[in-house]
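1. no sequence for this one, just the structure:
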């Protein structure tokens, strides 16, 4: 058996520590977009929880949004209470999550990152999110994801 990528191992430990009950699936190919993930998993794109890291005045903000949504950064910033949300650069993402864009999970970051969860995801009995690597995903429920991340619920449109 090949050894597991370190970022997946870190995610796996965080998932277990926080009581995650879903499956961790390593796909044969990277799934950098919600559409690719949904196709690989045979689910609706809306059931994919995209982990989008933004920069707000130099600090990280993680928004877990449905693959059916694009984040209106001005509206989201207003709802979160920050002056501006800016798409994070790859170096910023790696620094604050320990992961790469396309594989950012909601868990397993070096330090706590303020996290917001798109209420739209509650519509799905099973939600899929990245597990620390572009080819790794895990299944969960909205309630479990909310509990594991300590996220604040957010309307994303």
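-> Arrived safely, thanks for sending. From a predicted model like this one, the values you see are computed outputs, not experimental measurements.

2. Going by C-alpha atoms from here, please, whenever you check contacts or count neighbours.
-> Fine.

3. And the helices in this structure?
-> Taking DSSP state H as the criterion, the chain carries its helices at 6-17, 34-41, 73-80, 90-97, 142-149.

4. The spatially most central residue of the chain pairs with what?
-> Nearest residue to the geometric centre of the chain (CA atoms, centre = their mean): residue 51, 2.7 Å. Counting by DSSP bridges, residue 51 is bridged to residue 64.

5. count of residues packed around residue 4?
-> Other residues within reach of residue 4, judged by other CA atoms under 10 Å, total 9.

6. Revised request: answer the last question for residue 130.
-> Residues near residue 130, counting by other CA under 10 Å: 29.

7. go on, residue 138?
-> So residue 138, with other CA under 10 Å, has 22 neighbours.

8. Check residue 99 too.
-> Counted with other CA under 10 Å, residue 99 comes out at 26.

9. can you tell me which residues contact it?
-> Contacts for residue 99 (CA atoms under 8 Å, 6 or more residues apart in numbering) come out as 7, 93, 105, 109, 132-133.

10. Do me a favour and get the end-to-end distance for stretch 122-133?
-> One end of stretch 122-133 sits 24 Å from the other (CA to CA, to the nearest Å).

11. ok, now how distant is the residue nearest to residue 88 when sequence neighbours are not counted from residue 116?
-> Nearest residue to residue 88 in three dimensions, chain neighbours excluded: residue 54, at 4.8 Å (CA to CA, 6 or more residues apart in numbering). Distance, residue 54 to residue 116, using CA to CA: 11 Å.

12. Can you list the low-confidence ranges for the protein?
-> For the chain, the stretches with pLDDT under 70 are 1-2.

13. The residue nearest to residue 88 contacts residue 84, doesn't it?
-> No. Between residue 54 and residue 84 there is no contact under CA atoms under 8 Å: 9.4 Å.

14. what about the two, which has more around it?
-> Using other CA under 10 Å, the more surrounded residue of residue 54 and residue 84 is residue 54, with 21 against 16.

15. how about the more buried one, what does it touch?
-> 60-63, 85-88.

16. got JSON lines for those, with neighbour count too?
-> As requested, those are exported to JSON lines (neighbours: other CA atoms under 10 Å):
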{"residue": "60", "neighbour count": "23"}
{"residue": "61", "neighbour count": "23"}
{"residue": "62", "neighbour count": "22"}
{"residue": "63", "neighbour count": "25"}
{"residue": "85", "neighbour count": "23"}
{"residue": "86", "neighbour count": "16"}
{"residue": "87", "neighbour count": "15"}
{"residue": "88", "neighbour count": "19"}
